[in-house]
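# show me the folded form of this:
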Amino acid sequence: MQTKTDYPMLSTLIGGYLNQDMDMIADTVPEAVAAQAKILSEAEREAFRAEMTAFLATHGADADAVFHALYWFDFDPKDIGQTVAEFFDMVRAILASPDAYRRFEDQ
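Next up, the predicted model:
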């Protein structure tokens, strides 16, 4: 069984930015992701990308269920109409360019 400690970058995003108090940081999920992306070094961004790739490779078709089991209390991509893979695609785009979050605002 995977735990949150297996995904430290993802767990920091969820627990630190996409939690119940997200409204104190940002108005939207993409904006909250951008808030984290802006403070990460390039090495941390690369580690985050690798972590998301590993998550999908490890869990495959069960990715949504595993994500929900780990992070349901704070955040679930279903709440914004995305699968885990779609959410990770958005996060990757925002990691590459934090201001890109704006293009995800109306989705």
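# so which bits of the lengthiest helix in the chain are buried?
Criterion DSSP state H: the longest helix present in the chain is helix 42-59. Within helix 42-59, the residues scored as buried using 16 or more other Cβ atoms under 10 Å are R45, F48, R49, E51, M52, F55. C-beta: built from backbone N, CA, C; applies to glycine.
# cool, and stretch 55-74?
In stretch 55-74, counting by 16+ other Cβ under 10 Å, buried: F55, A63, D64, V66, F67, L70, Y71, D74.
# from what I can see the fifth one touches F75, true?
No. F67 is not in contact with F75 according to Cβ atoms under 8 Å; the separation is 9.0 Å.
# for the residue lying closest to A37 once chain neighbours are set aside, list the residues it contacts.
Ranked by Cβ to Cβ, 6 or more residues apart in numbering and with sequence neighbours excluded, the top spatial neighbour of A37 is P98, at 4.3 Å. P98 makes contacts with A34, A37, K38, as judged by Cβ atoms under 8 Å, 6 or more residues apart in numbering.
# among these, which ones are buried?
Judged by 16+ other Cβ under 10 Å, buried ones among those: A34, A37.
# need the three-state assignment for the nearest residue to R49 once chain neighbours are set aside.
Leaving aside its chain neighbours, R49 sits nearest to R92 (6.1 Å; criterion: Cβ to Cβ, 6+ apart). Classification of R92 by DSSP: H, G, I helix; E, B strand; the rest coil places it in helix.
# how far away is R92 from D21?
25 Å (Cβ to Cβ, to the nearest Å).
# which of these two has more neighbours?
R92 (15 against 10; other Cβ atoms under 10 Å).
# poorly predicted segments of the chain, please.
Along the chain, the model assigns pLDDT under 70 to residues 1-2, 4, 106-107.
# distance of the residue nearest to A37 from A35?
In terms of Cβ to Cβ, P98 sits 8 Å off from A35.
# do D23 as well
For D23, the distance to A35 - Cβ to Cβ - is 12 Å.
# show me where the protein has its helices.
Ranges of helices within the chain are 8-16, 29-39, 42-59, 63-71, 84-96, based on DSSP H.
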